[in-house]
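S.K.: Give me the fold of what follows.
(4 chains)
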Protein chains: 2
Amino acid sequence: MDEISTAGEAARDELIVSFGRLLGVAGRLGHILGRAIEQEFGISHLMYEVLLILGRAGEPGLSMGAIAREQVLTTGGVTRLIDRMEAAGLVARAEDPGDRRGRLVRLTPRGDDVAVRASRLHLANIERYFLEPLPVAHRQRFLDDLRILSHAARDALPPLH
Amino acid sequence: MDEISTAGEAARDELIVSFGRLLGVAGRLGHILGRAIEQEFGISHLMYEVLLILGRAGEPGLSMGAIAREQVLTTGGVTRLIDRMEAAGLVARAEDPGDRRGRLVRLTPRGDDVAVRASRLHLANIERYFLEPLPVAHRQRFLDDLRILSHAARDALPPLH
DNA sequence: GGGAAATATCTGATGCGTCAGATTCTGTTG
DNA sequence: CAACAGAATCTGACGCATCAGATATTTCCC
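M.R.: As a prediction, this is how the structure comes out:
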């Protein structure tokens, strides 16, 4: 910080610094983790997100719209991402027996395997980059706080399209 | 599911859930804050990042390469983003007197104004979405922990290009 | 039952970031 | 001081997400 500054500038700097702290963490976290996954498994960050979403959903799979509603992509984007994931053998589209407009997307065995192994890598990276620098006594509470925030943020988020 | 795979399945779910918690927070944070800025000020998330970077740098401005080194964009991306920001009147490019290859980028008064007002909006949103759900007694320590993590993550990050 | 409104998915146009290579300048070195 | 390695920036090709609109199907209600 700059010790020679007017009160107004100091207040402004405080705003910017406080902000940068938070957004910087989020952005850097995403970059580090996304990059590692890409290099190791050849899949994009968004593909990984969708693998996790499908893994959590289990049988009988999810509709395209349900994936979009998880707020990582628009519906148009889901169509194209699933196209590529299908071509890569990670997921399969099937008719929805109850609605001829819809398709059900589910993990292939290969997709499930990648999801599990990528999760392990991510978790290791999270521990390494994010938990390790923290004092041991802080770690559990920090994780708990993150979970609280995660739920609150999800509820507050406007739809993506 | 048969009993042999049960333990493995549980471990796998645990991994996925733990991960989703952390990445979900980061991703959702970025989305919420980025979207609000875009709607209010008509600038992208990355433009906002660059406004902050330039605001922190002060006079005499930063080179294109220095902006890229802040790890939000590649050098090619910086060129194009600064093109647009210049067209929008947020920044100005000037010759670098000491190196005729380089340009120095600095905020225009308008860019400075947007940076300050956008920061205020962001800070308000951070408090609303991120701090408010937390117990009061946790807030300060949570912010402190975030700052620790931010620095650690920055040091560990590989270059962007 | 029949048609309007809603819903699910897909697609054309567009915007923007990345990558790799081109261009222009600097600094070193023989 | 010429030449060449290295650095700063810019640009063409490309990938991928978004937006808006098109198509197919279902639901609602008269």
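
S.K.: Give me the phi and psi for the nearest residue to residue A:141 once chain neighbours are set aside.
M.R.: Residue nearest to residue A:141 in three dimensions, not counting chain neighbours: residue B:138, with 6.9 Å by CB to CB, 6 or more residues apart in numbering or on different chains. Where C-beta positions appear, they are placed from N, C-alpha and C, glycine not excepted. Dihedral angles of residue B:138 (phi, psi; degrees, to the nearest 10) stand at phi -90, psi -20.

S.K.: How about residue A:61?
M.R.: With angles defined as degrees, to the nearest 10, residue A:61 sits at phi 100, psi 180.

S.K.: for residue A:105, phi and psi?
M.R.: Residue torsions, per degrees, to the nearest 10, at residue A:105 are phi -110, psi 130.

S.K.: Provide a list of residues in contact with it.
M.R.: Going by CB atoms under 8 Å, 6 or more residues apart in numbering or on different chains, residue A:105 touches A:54, A:61, A:62, A:63, A:64, A:67, A:82, A:91, A:92, A:93, A:94.

S.K.: for these, which one is nearest residue B:133?
M.R.: The nearest member of those to residue B:133, counting by CB to CB, is residue A:67 at 26.3 Å.

S.K.: How about the residue nearest the centre of chain A: what's its closest non-neighbour residue?
M.R.: The centroid of chain A falls nearest to residue A:49 when counting by CA atoms, centre = their mean (5.2 Å). Setting aside the residues directly before and after it, residue A:49 is nearest to residue A:72 in space (CB to CB, 6+ apart), at 4.9 Å.

S.K.: Check residue A:64 too.
M.R.: Using CB to CB, 6+ apart, the nearest residue to residue A:64 is residue A:78, at 5.1 Å.

S.K.: That neighbour: neighbour count?
M.R.: Here the number of neighbours of residue A:78 (other CB atoms under 10 Å in any protein chain shown) works out to 23.

S.K.: residues from chain A in reach of DNA strand D?
M.R.: A:44, A:46, A:73-77, A:80-81, A:84, A:99-101, A:160-161 (CB under 7 Å from any atom of the strand).

S.K.: From the residues you listed, which land in helices?
M.R.: Among these, the members falling in helices are A:46, A:75, A:76, A:77, A:80, A:81, A:84 (criterion: DSSP state H).
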